[in-house]
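K.L.:
Provided below are the primary sequence and the corresponding predicted coordinates.
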Amino acid sequence: MTINDKKTPSIDEVSHALAKMIADKMEIDIATIKPESNLQELGLDSLDTFDIIFSAEDYFKIKVPNDQVNITTLYDVAILVHQLILTQKS
Amino acid sequence: MTHSSNLQRVVITGLSVVSPLGNTIVDLTKNVFAGISGIKRLDTPFVDQMDCKIAAQAQFKPEDHFTKHTYSMLDRTSQIALHTSIEAIKDANLTIDDNLKPRMGIYLGTGMGGAQSVEDGYIRLFKDGASRLKPFTVLMGMNNAAASAIALEHQLTGPNQTFSTACSSSAVAIGEASRLIRHGYADVMLAGGTEALLTFGSMKAWEALRTLAEEDANDIGASCKPFSADRTGLVLGEGAAMLVLESYEHATKRGAKIYAEIAGYGAANDCNHITQPSVDGQSATMQAALNDAGLSANTIQYINAHGTGTKLNDVTETNSIKKVFGSHAYELSVSSTKSMHGHLMGAAGALEAVITTLAVCSNKLPPTINLVHPDPECDLDYVPNVSKILPKLEYAMSNSFAFGGTGASLILKKLN
């Protein structure tokens, strides 16, 4: 999975892409995943969260620094990823 | 050492396999006694890059057995091992309650662990130029990943150890697990082996050792020819095999069906050479198992040989059997089922222990197939090409020898 358009995605688009990754990984209905969803409550443990971040790095062509993984909700990941897209876009 | 009243007898109450001869005990039994070969054209995307284009693959699709969340965190090695653990416990009709959990553990053998996961990581780093690896890379590649997944699944809080002694790994695991039970450290143990090394890198490494069999020009399935004069080497295989071992007391108390008893286990190290076996090393291994069981050599009626199909192993093993068993070597029967299921490396000893157990249960000896041209240096009864009925089969031995030198022999006994 890679992003193929040159336009910077909006935070909603980032959030939706992440929700798709979570739905695929956990085999759950994407409709049950909201931006405010608690990742733990969706069934993700810390390793699963790292795995989603890893997938997001590949997809959005970004690098999430190792210390920036303090995350509770899907929206937390979306903000982090969106900011990195903006700052790491060259 | 012989059995005494304060030692527990160890029995086999559950069996399961994922193997080139089928993924159920019913299919394995049918195929192994009918002399069916599981050796085929290698079915992988990299087959054209291989000189060796044959293997004994197991047909196992993880999505048929696990959720994506479960199987995507497990290397194939762990997937097949976990599956066999679930099926073996079912076969044993065993309920693991809170009292049993601390008295039950898992001893597993594997040669190369999560080979595909390690290789995937290297491809990503060195070939694709990525700067990061999947977060699960360590957890999927480590040798104890399969045993850990099994212990987690069944909540086994007893001993959990992984043995890695190349081709004898799972025979060692079974032998050591039986000792745990015998000496009272556990009541029930899962014991077995797993291997899934039919990866591009692993197969290339094996090719480089020049021990792999040439493809038979007329019949790929006949490429592995143990004890035959025209043998050219071993055929790589993959799979997992699991046994439920239990103290006789625990098994009988719960009314479990019992396949056979593990009467003895011997391990010895062959200090001859990193790859070349010696008569001294192999015979010491078999003698150690006989001593452990307190049996004289003439009680053994059948040996499931290591029988890789290499020039050197088969003649060395023949001579080792003659050294240990003397004239009785010509009365007992020997067969190499690797002729059918290939060499499962770290899982070989466990699959062959399962097959030897089935032999003891059914009074039937599986054949050595493709034995068409007898080798004058291999002059024992190798049960050539067709299985043989042996009424009153009471004691059988299963041999495993390994690169690196660790040999292990198990003695199985019919429970009367």
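P.N.:
Done, it's in.

K.L.:
Strands of chain B, residue ranges please.
P.N.:
Using DSSP state E, the strands of chain B run over residues B:10-18, B:40-41, B:54-55, B:104-109, B:160-163, B:188-195, B:239-247, B:260-269, B:302-304, B:333-335, B:364-365, B:388-389, B:395-400, B:406-413.

K.L.:
how much space is there between the residue of the stretch 51-200 of chain B found nearest chain A and residue B:29?
P.N.:
Proximity of the stretch 51-200 of chain B to chain A (C-beta to the nearest C-beta) peaks at residue B:135, 3.9 Å away. Every C-beta, even on glycine, is put in place using the N, C-alpha and C of the backbone. Using C-beta to C-beta, to the nearest Å, we find residue B:135 at a distance of 42 Å from residue B:29.

K.L.:
Give the burial count for the closest residue to the residue of the stretch 51-200 of chain B closest to chain A other than its chain neighbours, as a bare number.
P.N.:
Spatial nearest neighbour of residue B:135, excluding adjacent residues (C-beta to C-beta, 6 or more residues apart in numbering or on different chains): residue A:50 at 3.9 Å. Residue A:50 is flanked by 17 other residues according to other C-beta atoms under 10 Å in any protein chain shown.

K.L.:
what about residue A:50, which SS state?
P.N.:
In three-state terms, and counting by DSSP: H, G, I helix; E, B strand; the rest coil, residue A:50 is helix.

K.L.:
Alongside chain B, which residues does chain A contribute?
P.N.:
Residues of chain A found near chain B (C-beta under 8 Å from any C-beta of the partner chain) are A:24, A:25, A:26, A:27, A:43, A:47, A:48, A:50, A:51, A:54, A:57, A:63.

K.L.:
Give the buried subset of those residues as a PyMOL selection command.
P.N.:
Applying 16 or more other C-beta atoms under 10 Å in any protein chain shown to these leaves a buried subset, and the PyMOL line that selects it is:
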select buried, chain A and resi 25+26+48+50+51+54+57
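
K.L.:
Taking chain A, what residue is nearest to chain B?
P.N.:
With C-beta to the nearest C-beta as the measure, residue A:50 is the residue of chain A nearest to chain B, at 3.9 Å.

K.L.:
Show the residue spans covered by the helices in chain B.
P.N.:
Under the criterion DSSP state H, helices of chain B are mapped to B:25-34, B:68-71, B:76-91, B:115-122, B:137-141, B:145-154, B:169-182, B:200-209, B:248-253, B:279-293, B:311-325, B:338-341, B:348-362.

K.L.:
Same question for chain A.
P.N.:
With DSSP H as the criterion, chain A has helices at A:11-26, A:46-60, A:74-88.

K.L.:
and the longest one, how far out from the chain's middle?
P.N.:
The one in question is helix A:11-26. In terms of C-alpha atoms, centre = their mean, to the nearest Å, the centre of helix A:11-26 is set 6 Å apart from its chain centre.

K.L.:
now that helix: mean pLDDT?
P.N.:
In this model, helix A:11-26 has a mean pLDDT of 96.

K.L.:
what angle do that helix and helix A:46-60 make?
P.N.:
Helix A:11-26 runs at 130 degrees relative to helix A:46-60, counting by axes from the mean of the first three to the mean of the last three C-alpha atoms, to 10 degrees.

K.L.:
angle of helix A:11-26 against helix A:74-88?
P.N.:
Going by the same axes, to 10 degrees, helix A:11-26 makes 120 degrees with helix A:74-88.

K.L.:
what's in contact with helix A:11-26?
P.N.:
With contact meaning C-beta atoms under 8 Å, 6 or more residues apart in numbering or on different chains, helix A:11-26 is reached by A:1, A:3, A:9, A:28-30, A:33, A:35, A:39, A:42-44, A:48, A:51-52, A:55-56, A:59-60, A:74-75, A:77-79, A:81-82, A:85, B:68-69, B:72.

K.L.:
thinking again about what came up before, out of the strands of chain B, nearest to residue B:380?
P.N.:
strand B:333-335 (5.2 Å; C-beta to C-beta).

K.L.:
elements contacting that closest one?
P.N.:
The contact analysis (3 or more C-beta pairs under 8 Å, 6 or more residues apart in numbering or on different chains; DSSP states H and E) places strand B:333-335 against strand B:302-304.

K.L.:
Give me the sheet partners of the strand it packs on and which way each runs.
P.N.:
strand B:333-335 (parallel), strand B:395-400 (parallel) (DSSP bridges).

K.L.:
buried residues in that strand?
P.N.:
Buried residues in strand B:302-304, counted by 16+ other C-beta under 10 Å: B:302, B:303, B:304.

K.L.:
what's the answer for stretch B:49-67, then?
P.N.:
Quick answer for stretch B:49-67 (16+ other C-beta under 10 Å): B:50, B:52, B:54, B:55, B:56, B:57, B:58, B:60, B:62, B:65, B:66.

K.L.:
so what's residue 73 up against?
P.N.:
Going with chain A. Contacts of residue A:73 (C-beta under 8 Å, 6+ apart): A:35, A:36, A:37, A:38, A:39.

K.L.:
Correction: the question concerned chain B.
P.N.:
Residues in contact with residue B:73 (C-beta under 8 Å, 6+ apart) are A:47, B:136, B:139, B:140.

K.L.:
same thing but at 10 Å, please
P.N.:
Shown in contact with residue B:73 (C-beta atoms under 10 Å, 6 or more residues apart in numbering or on different chains): A:25, A:47-48, A:51, B:66, B:79, B:134-136, B:139-140, B:145, B:149.

K.L.:
Check residue B:139 too.
P.N.:
Contacts of residue B:139 by C-beta under 10 Å, 6+ apart are A:47, B:73, B:74, B:75, B:78, B:114, B:117, B:145, B:148, B:149.
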